[in-house]
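S.K.: Starting from these lines, generate the structure:
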Amino acid sequence: MMQKTPFGTLTVSPEDDRNRVVAVLRALSWCESLLETAGWTPCVNETSVSLQRTMNGQTVEIFPLEAARMDLGRSSSFSREHLPITLNGKDACVRCIPVEPRPLHTDMVASMILLLGRDELFAAAIPRTLHPILTSDQLATLPRRQRRERTVPGQPSTSGREFLPEEQVLALLDAHPSMTFEVQFEMRSGRLRNMTARLERENSDEATFTEGRSLGYNPADFHLVPVVDLQLNQYRNVATDRVTRITVGETVLSTDSAEN
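M.R.: Numbers count the residues shown, from 1 in each chain. All right, here's what the predicted structure looks like:
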């Protein structure tokens, strides 16, 4: 079904969640209403309408219809984690902070239209990747970024969570060295991380994962095991002393601290 919107035609499938579709269309209407007061210029192309504004010699362009497509699971030239915003024609790499549930891209785009459409920008709220749009005076008002304390690897957790015995986790992984597994563990920051992973193999033929790989330390000394994060296609470490849940094949081990 082709759904007309203020920014172009949105394809809606019967398989799309109806409540989500309604929320996306409502957010697009919000984007349109903001144009009455915000200083944006609509830019019409063959398939959609984007919004442009030039600030401090820098051109920002926002794509509300692209945000709607992303929210409905359609393919996009923008990363799933990014908002469809460009700075001088290039992806501005604007992302929201990691929260659950994740806001709709269309709602976040509407917020950006409002934020960047003001005559007087609230500099502290501007995403860091869009700081080129700020004047030198505005940049001078920004609070200094506090240096994050260095995480000391291998220190005991202070979260109070219950973890699986590390020996049990390592024995399970050793027994299935080639299997993909699901794991939830506490990162050194204290947050829980869910990951679909596979153990790193020294002689893997998959150059995507192994090319240029080198470590200057022994991960086991810090209760870590190197893995390939199969969602990111990147190397990561799993804290084997802080696992709350792990699934390997038919085997599921979990503690009361595991979160869904």
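
S.K.: Dump the C-alpha coordinates for stretch 19-35 into PDB.
M.R.: Only the C-alpha atoms of stretch 19-35 are listed here, as PDB (Å, rounded to 0.1, in the frame of the first residue of the first chain):
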ATOM      1  CA  ASN A  19       0.700   0.800  15.800                       C
ATOM      2  CA  ARG A  20       4.200   1.500  14.600                       C
ATOM      3  CA  VAL A  21       2.900   2.700  11.200                       C
ATOM      4  CA  VAL A  22       0.500   5.100  13.000                       C
ATOM      5  CA  ALA A  23       3.300   6.400  15.200                       C
ATOM      6  CA  VAL A  24       5.600   7.000  12.200                       C
ATOM      7  CA  LEU A  25       2.900   8.900  10.200                       C
ATOM      8  CA  ARG A  26       2.100  11.000  13.300                       C
ATOM      9  CA  ALA A  27       5.800  11.900  13.600                       C
ATOM     10  CA  LEU A  28       5.900  12.900   9.900                       C
ATOM     11  CA  SER A  29       2.900  15.200  10.500                       C
ATOM     12  CA  TRP A  30       4.800  16.700  13.500                       C
ATOM     13  CA  CYS A  31       7.800  17.300  11.100                       C
ATOM     14  CA  GLU A  32       5.500  19.100   8.700                       C
ATOM     15  CA  SER A  33       3.900  21.300  11.400                       C
ATOM     16  CA  LEU A  34       7.400  22.400  12.600                       C
ATOM     17  CA  LEU A  35       8.200  23.900   9.200                       C
END
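
S.K.: Now it: buried residues?
M.R.: Of the residues in stretch 19-35, Val21, Val24, Leu25, Ala27, Leu28, Trp30, Cys31, Glu32, Leu34, Leu35 count as buried by neighbour count, 16 or more other C-beta atoms under 10 Å. From N, CA and C alone the C-beta is placed, and that goes for glycine too.

S.K.: Just give me the least confident of those residues.
M.R.: The member of the buried residues of stretch 19-35 with the lowest pLDDT is Leu35, and it reads 82.

S.K.: now what about stretch 229-238, what contacts it?
M.R.: With C-beta atoms under 8 Å, 6 or more residues apart in numbering as the contact definition, stretch 229-238 has outside contacts at 180, 183, 185, 195-198, 200, 208-209, 213, 219, 224-228.

S.K.: Let's see which of those end up in strands.
M.R.: Judged by DSSP state E, the subset of these located in strands is Val183, Phe185, Met195, Thr196, Ala197, Arg198, Leu224, Val225, Pro226, Val227, Val228.

S.K.: follow-up on the earlier one: ChimeraX command for the buried members of the contacts of stretch 229-238?
M.R.: Buried members of those, identified by 16+ other C-beta under 10 Å, are gathered into one ChimeraX selection as follows:
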select :183,185,195,197,198,200,209,219,224,225,226,227,228
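
S.K.: contacting residues around Val243?
M.R.: Shown here is Val243, whose contacts under the criterion C-beta under 8 Å, 6+ apart are Phe163, Leu164, Glu166, Val169, Val183, Gln184, Phe185, Leu253.

S.K.: Between all of those residues, which two are separated the most?
M.R.: Across the contacts of Val243, the two members that end up farthest from each other (C-beta to C-beta) are Glu166 and Gln184, 14.8 Å apart.

S.K.: Same drill for these two, tell me which one is more crowded.
M.R.: Taking Glu166 and Gln184 together and counting by other C-beta atoms under 10 Å, Gln184 has the greater number of neighbours (21 against 14).
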